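Student: quick one: sequence plus predicted model below, questions after.
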Amino acid sequence: MQIAIVGGTGKEGSGLALRWANAGHEIIIGSRDAEKAARVAEELNLALGNGAARVRGATNLDAAQAGEVVVLTVPYSAHADTLRSVQPALSGKVLIDVTVPVNPADITRVSVPAGGSATVEAQRLLGPDVKVVAAFQNISFTHLKKLDTAIDCDVLVCGDDAQAKQIALQLVQDAGMRGFDAGPADNAIVVEGLTSVLLAINKRHKIKGAGIRITGV
Ligand SMILES: NC(=O)c1ccc[n+]([C@@H]2O[C@H](COP(=O)([O-])OP(=O)(O)OC[C@H]3O[C@@H](n4cnc5c(N)ncnc54)[C@H](OP(=O)(O)O)[C@@H]3O)[C@@H](O)[C@H]2O)c1
């Protein structure tokens, strides 16, 4: 699959890029700066080894245009503006939103945005023609970057379109994790908030990658 990662030059986006490219997907890293994207893509290809060339760079809009599925990994402060900038390329596509609306002043305290969650805000902004799915909010980039290590965390997937969630669940599996359909887009408020809970646990235990496991399934 051709996967575009808008904001893919950052920590979480490049971690996902690495995992998906390693699973055989073609990745287009998006950035506000095409040269920066090309640089990061090259670094990721080197990290993949064996002369891999499955990652390339582009502007955010060009990446979104090329992607069959589009993934968004930008800070919440850039969420709405970035969505508006790529909106013309999203028609009829699945957008996997990884954004967590953390408050930079205290990332360990749950911060609920005006629209309830970044996911619901994205769906409202983009309209029904784009299928927005929330996923990967609770997985630290530190795990994604260690390609030789299995990831001991699960991923919750929320959204209102069953088919779009199936695509996201497949991509969770391809990234080396177990995914769970965690209900409608409205549930993303909890999944996004859970990230601040995990960050509080990280702080308390002086660790970097607390995650979640679903039991009883
Ligand atoms: N880091 C994690 O472990 C983790 C885990 C789960 C969820 N998340 C969530 O995933 C999202 C990305 O996290 P991250 O740690 O990858 O963030 P990041 O590295 O700080 O930023 C990601 C990318 O966003 C773009 N960006 C930054 N400021 C921007 C602005 N003002 N306008 C437009 N684009 C801007 C940059 O790309 P260009 O400069 O190339 O345009 C940057 O490389 C956040 O919402 C975060 O809460 C992160």
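Tutor: Great, that's in hand.
Student: from here on, just use CA atoms for contacts and neighbour counts.
Tutor: OK.
Student: Ile214: how many residues sit nearby?
Tutor: 12 (other CA atoms under 10 Å).
Student: same check on Gln2?
Tutor: Gln2, neighbours per other CA under 10 Å, totals 18.
Student: next: the one 4 residues further on.
Tutor: Close neighbours of Val6, defined as other CA under 10 Å, add up to 31.
Student: what does Glu68 give?
Tutor: By other CA under 10 Å, the burial measure for Glu68, its neighbour count, is 16.
Student: and if you look at the one 4 residues further on?
Tutor: Neighbour count for Leu72, taken as other CA under 10 Å: 24.
Student: for it, what are phi and psi?
Tutor: Per-residue torsions, Leu72: phi -110, psi 120 (degrees, to the nearest 10).
Student: beta partners for it?
Tutor: Val6, Asp97 (DSSP bridges).
Student: make residue 1 into 27 and carry on from there
Tutor: Let's use 27 as the start, then, which means that last one is Leu98.
Student: tell me the contacts of it?
Tutor: 31-34, 39, 121-125 (CA atoms under 8 Å, 6 or more residues apart in numbering).
Student: cross-check those against the ligand and keep the overlap.
Tutor: Subset of the contacts of Leu98 in contact with the ligand: 33, 39, 124-125, counting by CA under 6 Å from any ligand atom.
Student: okay, which residue is most central for this structure?
Tutor: Val124 (3.5 Å; CA atoms, centre = their mean).
Student: how close does that residue get to Gly83?
Tutor: Here the criterion is CA to CA, to the nearest Å. By it, Val124 lies 19 Å from Gly83.
Student: in the protein, which spans are strands?
Tutor: Remark: strands assigned in the chain by DSSP state E are 28-32, 52-57, 81-85, 95-98, 120-123, 157-160, 180-185, 204-207.
Student: would you list these in JSON lines and tack on mean pLDDT?
Tutor: Formatted as JSON lines, the strands of the chain follow (pLDDT from 0 to 100):
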{"stretch": "strand 28-32", "mean pLDDT": "99"}
{"stretch": "strand 52-57", "mean pLDDT": "98"}
{"stretch": "strand 81-85", "mean pLDDT": "98"}
{"stretch": "strand 95-98", "mean pLDDT": "99"}
{"stretch": "strand 120-123", "mean pLDDT": "99"}
{"stretch": "strand 157-160", "mean pLDDT": "98"}
{"stretch": "strand 180-185", "mean pLDDT": "98"}
{"stretch": "strand 204-207", "mean pLDDT": "98"}
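Student: turn these into a markdown table, columns for distance to Ala214.
Tutor: Formatted as a markdown table, the strands of the chain follow (distance: least, CA to CA, whole Å):
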| stretch | distance to Ala214 |
| --- | --- |
| strand 28-32 | 20 |
| strand 52-57 | 24 |
| strand 81-85 | 28 |
| strand 95-98 | 15 |
| strand 120-123 | 10 |
| strand 157-160 | 6 |
| strand 180-185 | 6 |
| strand 204-207 | 11 |
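Student: looking at these, spot the one closest to Ile233.
Tutor: Ile233 lies closest, by CA to CA, to one member of the strands of the chain: strand 180-185, at 17.9 Å.
Student: partner strands of that closest one, with direction?
Tutor: strand 157-160 (antiparallel), strand 204-207 (parallel).
Student: contacting residues around the last one?
Tutor: Applying CA under 8 Å, 6+ apart, the external contacts of strand 204-207 come out as 179-184, 191, 195, 198-199.
Student: that concludes my questions; thank you for your assistance.
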